[in-house]
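Undergrad: 3D model of this:
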Amino acid sequence: MTDQRSAETQAYRRWYKTARWQKLRAKHLKAEPLCRMCLAQNRHTPATVCDHIERHKGDETRFWSGPFQSLCKRHHDSTKQRQENGRQAAAIGLDGWPIDA
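TA: As a prediction, the model looks like this:
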């Protein structure tokens with residue numbers, strides 16, 4: 001299967017595979033080990049993603065300097081993506097059901 005992303009996107013996605021990013025990611029997750037969005041819901045979930053709070057859009061300076069937040073994969077792949085795409089992110093209650101806005 002071929003990568004359908006633009007050449008520009010493919011170029012900056014390579015930065016995530018560098019030793020420099022892995023070191024930065026590990027340092028950030030050590031300093032902030034719990035998912036920020038889960039904490040806002042009174043849940044203590046280990047974070048596995050060092051997320052760029054603001055989209056870097058391929059800007060190398062912004063990519064490396066952040067700001068960053070720690071997220072669990074679930075929040076990164078759902079809530080955060082919905083927010084970045086301009087859709088309202090559904091808040092999930094402790095019971096696992098969506099909370100009305």
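Undergrad: Check which residues of the lengthiest helix in the chain are buried.
TA: Counting by DSSP state H, the longest helix found in the chain is helix 19-31. Counting neighbours by 16 or more other C-beta atoms under 10 Å, one finds that the buried residues in helix 19-31 are L24, R25, H28, L29. To be clear about C-beta, it is placed using only N, CA and C from the backbone, and glycine gets the same treatment.
Undergrad: Same question for stretch 41-61.
TA: Under 16+ other C-beta under 10 Å, the buried positions of stretch 41-61 are T45, A47, V49, C50, D51, H52, H56.
Undergrad: I'd like those laid out as CSV, including distance to F63 and pLDDT.
TA: Shown next, in CSV, are those (distance: C-beta to C-beta, whole Å; pLDDT from 0 to 100):
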residue, distance to F63, pLDDT
T45, 25, 96
A47, 19, 97
V49, 15, 96
C50, 11, 97
D51, 12, 95
H52, 7, 94
H56, 4, 89
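Undergrad: Relative to Q69, which of those is nearest.
TA: D51 (5.2 Å; C-beta to C-beta).
Undergrad: And N42, how far from E32?
TA: The gap separating N42 from E32 is 17 Å, by C-beta to C-beta, to the nearest Å.
Undergrad: thinking again about what came up before, which one of the buried residues of helix 19-31 is nearest Q81?
TA: R25 (18.5 Å).
Undergrad: Skipping its backbone neighbours, what lies nearest the closest one in space?
TA: Leaving out its chain neighbours, the residue that sits closest to R25 by C-beta to C-beta, 6 or more residues apart in numbering is C50, at 4.2 Å.
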